[in-house]
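J.: Got a predicted structure plus its sequence, pasted below:
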Amino acid sequence: MTSHVQQVNDTYGHLAGDETLQTVAHALTTQLRASDIICRYGGGVRHNFG
């Protein structure tokens, strides 16, 4: 999955991009197991290792 955070940053500013990442991270953490690890790698791709 490719993120479009740079487009959000360019259109709405970096604070909006940060909020977008935080919202997505929160959504993922509420749906995955406690043993799963969520990370952002390469600035645009998210992986679930678990």
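T.: Great, that's in hand.
J.: The residue of the chain most remote from its centre in helix, strand or coil?
T.: Centroid-distance maximum for the chain: Ser35 at 18.0 Å, with C-alpha atoms, centre = their mean. Classification of Ser35 using DSSP: H, G, I helix; E, B strand; the rest coil returns coil.
J.: State the pLDDT value of it.
T.: Note on Ser35: pLDDT of 90.
J.: do the one 4 residues further on as well
T.: Here, the pLDDT recorded for Cys39 equals 80.
J.: mean confidence score for stretch 9-21?
T.: Averaging pLDDT along stretch 9-21 yields 89.
J.: And the most centrally placed residue in the chain, how close does it get to Leu15?
T.: Nearest to the mean C-alpha position of the chain, counting by C-alpha atoms, centre = their mean, stands Leu21 at 4.0 Å. As defined by C-beta to C-beta, to the nearest Å, Leu21 lies at a distance of 11 Å from Leu15. Where you see a C-beta, it was placed from the backbone N, CA and C, and this is true even at glycine.
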